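# missing the sequence, but the structure's below:
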Ligand code: ARG
């Protein structure tokens, strides 16, 4: 474990978000989505806007993507691509209902001059990929088991030129990597071991001996679906216990209420893609 008074240093980030103007729960593709529960779109937009302002107030740049009618999950911008060192590995969604989101993201990156690599394999962008620039010289962690398929991990490694470590997710409630694991700074992660196969847990323990370990209560509160700039950790306000653990490790928790978007099975990180030039 890290020492309590360790000084954490924030690094300025650039993010991409998409307002939940057309957010709805019209289909159920993860265990959190309940078709019988209504969604308050105005409240969702309000909570999303507060998240956006939180990032801006922390000094980060936030780009926005234009939301499209008929794509109720488009607010979960993390799923649209995965960007490392200026190269964008595009998404190819598992479910037909979200397939068209990939083109909206591709258009954004191409319009802004990013080097875009189109995928041939099923993958849901930063939902299942995380990048740790200072871990082992620059490491990509990749989840599989529910959405992103294993061949996409090899494809991402070829596209991005960084070693990709495959981790198998085993609990359907944690269907994307980013609801079970998060980078908390350039070289370290927080994660819930129970979301991973026993072998993947061993891999994580070997790679990240100083990780902040979360329990099922932290993970079920969507605590791990967080965004950190290396010092400030923006996370779901329900995850009070995880906030305490992060504070003890020297980070500054910044809680935000995203209750409405939780109905879609997502929280902070799902709403935010990181653009890494
Ligand atoms: N309803 C969306 C889905 O099931 C939620 C996506 C959450 N995004 C994420 N990065 N975990 O695909």
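On my side now, so go ahead. Note that this is a predicted model, so its numbers are computed, not measured. Residues are numbered from 1 along each chain as shown.

# which parts of stretch 100-112 are buried?
Across stretch 100-112, burial judged by 16 or more other CB atoms under 10 Å covers 101-102, 104-106, 108-109. For glycine as for every other residue, the C-beta is placed from the backbone atoms N, C-alpha and C.

# again, but for stretch 137-146
If you call a residue buried by 16+ other CB under 10 Å, then stretch 137-146 has these buried ones: 138-146.

# ends of it, how far apart?
Looking at stretch 137-146, the gap from its leading to its trailing residue is 28 Å under the measure CA to CA, to the nearest Å.

# Equivalent analysis for stretch 126-137, please.
As for stretch 126-137, its first-to-last residue distance stands at 20 Å under the measure CA to CA.

# ok, now stretch 152-169?
Taking CA to CA, the first and last residues of stretch 152-169 lie 15 Å apart.

# Show me which of the buried residues of stretch 100-112 is closest to the ligand.
Within the buried residues of stretch 100-112, the smallest distance to the ligand is 9.4 Å, found for residue 101 (CB to the nearest ligand atom).

# Give me every residue in the stretch 101-250 of the chain lying close to the ligand.
With the criterion set to CB under 6 Å from any ligand atom, the stretch 101-250 of the chain comes near the ligand through 127, 176, 178-179.

# Of the buried residues of stretch 137-146, which belong to strands?
139-144 (DSSP state E).

# do you know how far the closest residue to residue 41 other than its chain neighbours is from residue 238?
With sequence-adjacent residues excluded and distances taken as CB to CB, 6 or more residues apart in numbering, residue 41 is closest to residue 23, at 5.8 Å. Using CB to CB, to the nearest Å, residue 23 is found at 19 Å from residue 238.

# Pipe the ones in strands among the buried residues of stretch 137-146 into a markdown table and attach pLDDT per row.
Formatted as a markdown table, these follow (pLDDT from 0 to 100):
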| residue | pLDDT |
| --- | --- |
| 139 | 98 |
| 140 | 98 |
| 141 | 99 |
| 142 | 99 |
| 143 | 99 |
| 144 | 98 |
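
# When residue 23 and residue 238 are compared, which one has more neighbours?
Applying other CB atoms under 10 Å to residue 23 and residue 238 shows that residue 23 carries more neighbours, namely 26 against 20.

# Can you classify the more buried one by secondary structure?
coil (DSSP: H, G, I helix; E, B strand; the rest coil).
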